[in-house]
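[1] pasting the sequence and the predicted coordinates here, then a few questions.
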Amino acid sequence: MIITCPSCAAKFTLPDGALGSEGRKVKCAKCAHVWQAKAEGAASSFSIDEGYDDSPFAQDEPDFPEPAFAPPPPPPPRPSPARPNPPRPAAAPSAPVFDAAPPRLGKQDGLPLEMDPEPPSRIPAHDDAALDEDLAKLDSILGTLKGGGVLKDKARGAPEIAGDDFADDDHLHDFLQTRVLGEDDDLEDLDGFMAAGEPEAIPRVFTGPRPSGRRRGATALKVVVMTLVALWLLALGGWFLRDPLVALVPGLAPVYTALGIDVTDPRSEVIFQNVVSTLETRDETRLLVVRGLLFNPSDENREVPRLRLTVIDDSQKVLQQVTAAPPQSVLAPGAQIPFEVSMENPSQLATGFRVVFDKAG
């Protein structure tokens, strides 16, 4: 037996007697259209989708006969130049899917109608007023505990309720466990939480040791030792650098004298000024001539020692030296006189010279 879908005109083959004498609701495997199919010779098939719509906005519409369309012919096989393949036979339409319909409420034109699916049961809304009241009670009770804080009111506009609304601690324990914490939460020491007092002091191991008198004494000893070391270094430098220090700060000379330390005041000796050197030739003799000034910076007459000219090389090695008498043996206070010292045939290796007083002579 062949039946045709009134929506897409697809044809299906059914075994005889599959629909019975009263017909049966079938569903198209191609377009999912559902209709009441009857055996041949019975009344024409009635489309459930045309007569009944379970949507909330369904409206009655006039029934129009559905045009019957023959299924399209199978496409011709594609030619293959190498090896032609025989055309594939058209796939037979699959058997219609029988829908196990739920029981109907009433009949329309002798056909049973599907029952409207029951809407899902609405989950009861949470009682906000009860939650606000419970949170207010908990807030009032915990606010009276010593050292305990007041819970933030999560409810909106929860009224204040006296703390004696809970008869005993067991009632409060059950309330905290079921309404606030939840049955799955863990609060092992709720009684200890309710009886919490002032927090204990932080152990000293976490705050560090307190300063003791012994430590203060050790710190003072370190300061004293460091001060003594600094004074010793200062005295050592003043001993070995006494002459440069006196030359830099002349006022230190009386201090050294009072301490019984001999120092040489540069101002007490004749000094050299504006010393220059030239190479000259006299009577076919090469001469190194050093000229300058002798100055007496002191307030007394000073003797002028003999002059010594020394020639040195790159390694400061003395190559040659000569001595000469000063222009005058005594120099008045604040006076200066020119001097000149010459050396015949100075060494070719000489790179420098020095002119000093020859106190040994």
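    That came through fine.
[2] leaving out sequence neighbours, find the closest residue to Arg302.
    Using Cβ to Cβ, 6 or more residues apart in numbering and skipping residues adjacent in sequence, the residue nearest Arg302 is Asn296, 4.8 Å away. Where you see a C-beta, it was placed from the backbone N, CA and C, and this is true even at glycine.
[3] so that neighbour touches Val270, yeah?
    Yes: in this structure, Asn296 is within contact of Val270 by Cβ atoms under 8 Å, at 5.3 Å.
[4] overlap in contacts of the two?
    For the pair Asn296 and Val270, residues contacting each of them under the criterion Cβ atoms under 8 Å, 6 or more residues apart in numbering are Arg302, Leu331.
[5] the helices in this structure, which residues?
    Across the chain, reading from the start of the chain, the helices by DSSP state H fall at 48-51, 128-143, 169-175, 190-194, 204-207, 213-240, 242-248, 253-258.
[6] could you identify which of those helices has the lowest mean pLDDT?
    When these are compared on average pLDDT, helix 48-51 comes out lowest at a mean of 44.
[7] low-confidence ranges in the stretch 1-150 of the chain?
    40-72, 78-127, 143-150 (pLDDT under 70).
[8] let's see it at 90
    When the per-residue scores of the stretch 1-150 of the chain are filtered using pLDDT under 90, the ranges that remain are 1-4, 6-7, 9-27, 29-30, 32-150.
[9] equivalent analysis for the stretch 251-361 of the chain, please.
    Short version for the stretch 251-361 of the chain, where the test is pLDDT under 90: 251-272, 281-285, 296-305, 329, 331, 333-334, 347-348, 350, 356-361.
[10] now the end-to-end length of stretch 6-20.
    Between the start and the finish of stretch 6-20 there is a gap of 19 Å, counting by Cα to Cα, to the nearest Å.
[11] let me see the domain layout of this protein.
    1-118, 128-194, 215-258, 269-358 (automatic domain parsing).
[12] end to end on the last one, go ahead and measure it.
    For domain 269-358, the first and last residues are 13 Å from each other (Cα to Cα).
[13] and the third one, by the same measure?
    Length of domain 215-258, first residue to last, Cα to Cα: 42 Å.
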